[in-house]
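> Build me a structure from this.
(chains A and B)
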Amino acid sequence: NAGVTQTPKFQVLKTGQSMTLQCAQDMNHEYMSWYRQDPGMGLRLIHYSVGAGITDQGEVPNGYNVSRSTTEDFPLRLLSAAPSQTSVYFCASSNGLAGLYNEQFFGPGTRLTVL
Amino acid sequence: AQSVTQLGSHVSVSEGALVLLRCNYSSSVPPYLFWYVQYPNQGLQLLLKYTSAATLVKGINGFEAEFKKSETSFHLTKPSAHMSDAAEYFCAVSEGWNQGGKLIFGQGTELSVKP
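Predicted structure coming up:
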């Protein structure tokens, strides 16, 4: 299994541009999440999904959109990039069954810079 | 709302010394607690998790953590530090088994190990 994969690994955008960060998992996990990591702030939840067709907002959803058309994929869209969105973005997935108690598997991250 | 506080953004120990990374949580329900490790330029990897089965939890790489309800703490320890333990460590709390996509992270503690 490849686990959780993310593309691209690095991206530089200009203010106002849009882009999509890709995330895929091959573990048939129900739950998928997007976090952003900023120095001194840990990881903060942007959006999450409990299954195909179901998404919800996390702690910092503004400026981001998500959709979940398949179990495997959970793309994150930046509608109009701003310098405040410069961060490292992590996608994660988990089985979500009680027996696994929400252990999350993380992708390698996408480092985004907005100029 | 649940929250996590990690005391000390940077901890430095000598090789062979005890490692102690502190984590306190706030939760109105029995929590699920996790410690993750992040090596430079990588994603997060699960070290250990507390799921109410036992208060002393053993994880990978010789780490363990003890859940103390009276102190609302879940401190991470390792008896003897190794150079390879240098990384950033995150404590996290889950809002419940049916909230598999929602982890709340502390701000992280960077561990450095001196030879």
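> So which residues on chain B come close to chain A?
Taking C-beta under 8 Å from any C-beta of the partner chain as the criterion, the neighbours of chain A within chain B are B:4, B:6, B:9, B:32, B:34, B:36, B:41-46, B:49, B:51, B:90, B:92, B:94, B:97-108. To be clear about C-beta, it is placed using only N, CA and C from the backbone, and glycine gets the same treatment.
> Pull up the gap between residue A:35 and residue A:92, please.
Separation of residue A:35 from residue A:92 (C-beta to C-beta, to the nearest Å): 7 Å.
> do residue A:14 as well
Taken as C-beta to C-beta, the span from residue A:14 to residue A:92 is 28 Å.
> Report the contact partners of residue B:56.
B:64-67 (C-beta atoms under 8 Å, 6 or more residues apart in numbering or on different chains).
> Would you mark the buried spots in the helix or strand encompassing residue B:12?
Per DSSP states H and E, residue B:12 falls inside strand B:10-14. Residues B:11, B:13 are the ones in strand B:10-14 that count as buried (16 or more other C-beta atoms under 10 Å in any protein chain shown).
> So which residues make contact with stretch B:30-39?
The contact list for stretch B:30-39 (C-beta under 8 Å, 6+ apart) reads A:101-103, A:106, B:2, B:21, B:23, B:25, B:44-52, B:59, B:63, B:65, B:67, B:74, B:76, B:87-94, B:96-97, B:103, B:108.
> now with 7 Å?
With C-beta atoms under 7 Å, 6 or more residues apart in numbering or on different chains as the test, stretch B:30-39 has contacts from A:101-102, B:2, B:25, B:44-52, B:59, B:65, B:67, B:74, B:76, B:87-94.
> helices and strands of chain B: which one has the lowest mean pLDDT?
Lowest mean confidence among the helices and strands of chain B (mean pLDDT, DSSP states H and E): strand B:103-105, at a mean of 87.
> Show me what whichever helix or strand comes after that strand pairs with in its sheet, parallel or antiparallel.
Downstream of strand B:103-105, the first helix or strand assigned by DSSP H and E is strand B:109-114. Applying DSSP bridges to the sheet, strand B:109-114 is found paired with strand B:10-14 (parallel), strand B:87-94 (antiparallel).
> Make a markdown table out of those strands and add mean pLDDT.
Converted to a markdown table, the strands paired with strand B:109-114 look like this (pLDDT from 0 to 100):
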| stretch | mean pLDDT |
| --- | --- |
| strand B:10-14 | 97 |
| strand B:87-94 | 92 |
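> Whichever of the residues of chain B next to chain A end up buried, select them in ChimeraX.
Selecting only the buried entries of the residues of chain B next to chain A in ChimeraX, with 16+ other C-beta under 10 Å as the criterion:
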select /B:4,6,32,34,36,43,44,46,49,51,90,92,94,99,100,101,102,103,104,105,106,107,108
